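Fold the following, please.
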Amino acid sequence: KDAEAGACPVNAPSSRWGVGRRAMAGAQTSEVDSVLKNFQIEFPTVIGYVVLNSDGIPVKYSDIPYHRAVMYAALLSDFVGNCKKCLRDLTASPAESELTNVRIRTKEGTEIICVAAAEYTFLVIQNCTGRPWTVDDEGTGTGGES
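You can find the predicted model right below:
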């Protein structure tokens, strides 16, 4: 009984405070999924997104094939890191050197928006053509004909 009383309530599957760590993590995941789903509904021009952890590993992605999510993660995590470094080198004060986002516009009419947060980077691929986005067999897309 003494061992049970000394157990950490946060690690317990259930505790006198309601739910344990596993249930709390599930609730947070559900909330994140809900926010991301609403994001896509609110912005219909979004082709897909990738959420990267601090190591540049995709932890969530939507509406794009896995291999494309990994490619975006590999290329853009380094790019965002270099942007942060360049901004620190170019600005005088640390307050000015906080990178909030990077936007990249392509010839094909897409825009890649990279938002750097504390532990995560949010990559959004957006259709800027004004036409429906079509995806071919290899997972690449183009703006359709008007």
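
so what's the backbone phi/psi at the nearest residue to Tyr49 once chain neighbours are set aside?
Nearest residue to Tyr49, sequence neighbours excluded (Cβ to Cβ, 6 or more residues apart in numbering): Val124, at 4.9 Å. To be clear about C-beta, it is placed using only N, CA and C from the backbone, and glycine gets the same treatment. When read as degrees, to the nearest 10, the backbone of Val124 gives phi -120, psi 130.

ok, Val124 - contacts?
For Val124, the contact set (Cβ atoms under 8 Å, 6 or more residues apart in numbering) comprises Val46, Gly48, Tyr49, Ile112, Ile113, Val115.

Top of these by number of neighbours, please.
Using other Cβ atoms under 10 Å as the neighbour criterion, Tyr49 leads the contacts of Val124 with 23 neighbours.

ok so, going back, any idea which of the contacts of Val124 is closest to Asp89?
Asp89 has its nearest neighbour among those in Val115, at 21.3 Å by Cβ to Cβ.

which residues touch the one helix or strand the closest one maps to?
Per DSSP states H and E: Val115 is located in strand 110-116. Strand 110-116 has contacts (Cβ under 8 Å, 6+ apart) with 47, 72, 76, 79-80, 84, 99-106, 121-129, 141.
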